[in-house]
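[1] Sequence and predicted structure below; questions after.
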Amino acid sequence: MERKLLLTLIAVLVLSIALAGAVWLASPQREWVRLGAGKAGVDPNIAAAPAPVPQATPTPWQTARAAIRKLGRDLGFGHASYYGPGLAGGQTASGERFDPRKLTAAHRTLPLGSRVRVTNTRTGRSVVVRINDRGPFIAGRVIDLSTAAARRIGMLASGTARVRMQLLV
């Protein structure tokens, strides 16, 4: 009985292999076509499309500039204060030393290096400053100006002023 079962299993295995080979041999042979060889109707005079250029991840500066463009150049109104001369020589967020004689300012979110026109709404005087630091960190204030910038727009005596800010891109 065991011998009969073994012979049956061998016969089934042989038939399976034979059937698989027959199916494989009966399948239609496919012709491989190389593109550009004229067989597929490709014009050899047409240049291949250039490979797509991978898009670089935007820098924080590019992202901020794109967001500002969406909002427009007008940054709105707010209250400005200015750095006292006692902070001269201290390091700013940009890495440079604070110089109260330069037209610089601190802003919480604008990219370092941005240029902003700051206009005192009471006097109508304006100044263009470069953002080189972070701040102000006092509630209700939107920008900290250097002493020179504060002098130009006439806010030294009061210490603070309502200003309008415009980004210069």
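    Received it, and whenever you're ready, just let me know what you need. Residues are numbered from 1 along each chain as shown.

[2] And the strands in the protein, which stretches?
    74-82, 104-106, 115-120, 126-133, 141-145, 160-168 (DSSP state E).

[3] hey, C-alpha coordinates of the third one in PDB?
    Right, the one you point to is strand 115-120. Taking C-alpha atoms only, strand 115-120 is exported to PDB below (Å, rounded to 0.1, in the frame of the first residue of the first chain):
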ATOM      1  CA  ARG A 115      14.600  95.900   5.800                       C
ATOM      2  CA  VAL A 116      11.600  97.600   7.300                       C
ATOM      3  CA  ARG A 117      10.300 101.200   6.900                       C
ATOM      4  CA  VAL A 118       9.100 102.400  10.300                       C
ATOM      5  CA  THR A 119       6.900 105.500  10.300                       C
ATOM      6  CA  ASN A 120       6.000 107.400  13.500                       C
END
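
[4] Pairing partners for it, with directions?
    Taking DSSP bridges as the criterion, strand 115-120 sits next to strand 126-133 (antiparallel), strand 160-168 (antiparallel) in its sheet.

[5] about what we covered before: single out the most deeply packed of the strands of the chain.
    Counting by mean count of other CB atoms under 10 Å, strand 104-106 has the highest mean neighbour count of the strands of the chain, with a mean of 26. For the C-beta atoms, the positions are set from N, CA and C on the backbone; glycine is no exception.

[6] So what touches it?
    With contacts defined as CB atoms under 8 Å, 6 or more residues apart in numbering, strand 104-106 is touched by 83, 92-93, 98, 116, 118, 129-136, 143-146, 149.
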